[in-house]
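Participant: need a structure here:
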Amino acid sequence: SPGEQTRVFDQILDGNVEVLDRVKAENPELESALLSLLNLKGQSPGLLKDLKALAARSLPEIGPHLDDFINTVAEGMKMVRQIDHPSLKIHLDVKAMCSEPTPVPEVIRSVSTDDIGHFHVNDANLYGPGMGDVDYAPIAEAIKDVGWDKWLSVEVFKYDPDPETIARKSIEYLQKFWPNNI
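Facilitator: Sure, this is the predicted structure:
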């Protein structure tokens, strides 16, 4: 029942490991979502209290239909807007946005700079920007259009030939779009 789910969620956020273990055993697919929420503990004063208040209002049915925590920027923004806490922002990631049906520049333009907390630049091939087929010209234009002028963090998942070469090539490529910022 929703009341029972709210009580369970509240106990998990309060750090009741026994309840967490029971829920994980019954619903293993929830583990990453629950651990993601627990990792927020201590990161932002009041956020977990706000999450508990949100859960009391709109806790979804816990069931086996959940595959992942958040799969698209739109899903992430829905959560950001529901929680409505100044410390909760969207983390944009070019590789992840490449898997969305909407073109990456449109996905970027769907958020405002105030919504963004962090931005990963990379390629769908798991290397750095400019090392694959992802065209950064429209992506850079969209980043500028939304007014994002903070850090862009290169994130890769393949490290050959070596980290120094990947960093150098990524910087050289990104300088084409931000010649005065790198």
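Participant: going forward, measure contacts and count neighbours with C-alpha atoms only.
Facilitator: OK.
Participant: Report the contact partners of Arg109.
Facilitator: When contacts are counted by CA atoms under 8 Å, 6 or more residues apart in numbering, Arg109 touches Ala142, Ile143, Asp145, Val146.
Participant: Report the buried members of these.
Facilitator: Among those, those that count as buried by neighbour count (16 or more other CA atoms under 10 Å) are Ala142, Ile143, Val146.
Participant: if you skip the residues just before and after it, what's nearest to the second one?
Facilitator: The reference is to Ile143. Ile108 (6.7 Å; CA to CA, 6 or more residues apart in numbering).
Participant: same thing with Glu100?
Facilitator: Thr72 (6.7 Å).
Participant: does Val111 count as helix, strand or coil?
Facilitator: The three-state assignment at Val111 reads coil, by DSSP: H, G, I helix; E, B strand; the rest coil.
Participant: Ignore what I typed, I meant Gln11.
Facilitator: Assignment for Gln11 (three-state DSSP): helix.
Participant: For Trp148, see how far away it is.
Facilitator: Distance of Gln11 to Trp148, given as CA to CA, to the nearest Å: 38 Å.
Participant: Neighbour count: these two, which is higher?
Facilitator: Trp148 (20 against 16; other CA atoms under 10 Å).
Participant: Shouldn't the more buried one be within a helix?
Facilitator: No - Trp148 is assigned coil when assessed by three-state DSSP, not a helix.
Participant: pLDDT score assigned to it?
Facilitator: pLDDT recorded at Trp148 is 95.
Participant: got the contact list for it?
Facilitator: Thr113, Ile116.
Participant: and stretch 143-157, how far from the chain's centre?
Facilitator: Taking the mean of its C-alpha atoms, stretch 143-157 sits 14 Å from the chain's own mean (CA atoms, centre = their mean, to the nearest Å).
Participant: Ramachandran coordinates for the residue nearest to Glu100?
Facilitator: phi -140, psi 160 (degrees, to the nearest 10).
Participant: Name the next helix or strand downstream of the lowest-mean-pLDDT helix or strand in the chain, please.
Facilitator: Lowest mean confidence among the helices and strands of the chain (mean pLDDT, DSSP states H and E): helix 47-58, at a mean of 55. Using DSSP states H and E, the next helix or strand after helix 47-58 towards the C-terminus is helix 73-83.
Participant: closest to Thr165 among the contacts of Arg109?
Facilitator: Ile143 (25.0 Å; CA to CA).
Participant: Which strands or helices does the helix or strand harbouring that closest one pack on?
Facilitator: With elements taken from DSSP H and E, the one containing Ile143 is helix 136-145. Where contact means 3 or more CA pairs under 8 Å, 6 or more residues apart in numbering; DSSP states H and E, helix 136-145 is packed against helix 104-109.
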